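Participant: can't give you the sequence, but here's the structure:
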């Protein structure tokens, strides 16, 4: 591969070339690849998406809540959807019914956008999206089950759920801005 083509190769591929080249037989080529690696490491990657800003992520959550809350209020107060269940918070069936109801509603509103674009309504409006840590599209199953369903399930556990709900979003203040649900799902939120 000539020098011009090597400039268009990704950093990961350059490392592979450098590790596989016979440095004794081709010292000039090895040196050229090493120089390209150093150059790519020092220049910002234009195809590397920028991490979403913390306030934008927070605003996206508020937008998602603002969209879903009126629907939940209407369904709970103006229909008899929950009337057949014991309305005590200690009843596991009550918790399970509300979890499944809320998740169904979440999927109804956001499922298409999550599947197609890696976004909820709020993320779509604010032009941010969920991607894998390697910047590839994250499978819908992983995004939904590990980022959303598991989080909702853990948040509903008495006492521990409260601490989990506080600890999870605090991790956004780390350098990589990944919350616990991002870490579990192998995702991050970037500008779209």
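Facilitator: Noted; the coordinates are in hand. All of these numbers come straight from a predicted model, not from anything done at the bench. Numbering: from 1, shown residues only.
Participant: residue 64: neighbouring residues, count only.
Facilitator: Other residues lying near residue 64 total 19 when counted by other CB atoms under 10 Å. Every C-beta, even on glycine, is put in place using the N, C-alpha and C of the backbone.
Participant: name the element it belongs to?
Facilitator: Assigned by DSSP states H and E, residue 64 belongs to helix 54-77.
Participant: what's the following helix or strand after that helix?
Facilitator: Downstream of helix 54-77, the first helix or strand assigned by DSSP H and E is helix 92-117.
Participant: output the contacting helices and strands for that following helix.
Facilitator: If contacts are counted by 3 or more CB pairs under 8 Å, 6 or more residues apart in numbering; DSSP states H and E, helix 92-117 sits against helix 54-77, helix 121-125, helix 150-155.
Participant: okay, the angle between that helix and helix 54-77?
Facilitator: For helix 92-117 against helix 54-77, the angle by axes from the mean of the first three to the mean of the last three CA atoms, to 10 degrees is 130 degrees.
Participant: gap between residue 38 and residue 50?
Facilitator: Separation of residue 38 from residue 50 (CB to CB, to the nearest Å) stands at 23 Å.
Participant: re earlier: output the contacting helices and strands for the helix holding residue 64.
Facilitator: The contact analysis (3+ CB pairs under 8 Å, 6+ apart) places helix 54-77 against helix 92-117, helix 121-125, strand 128-132.
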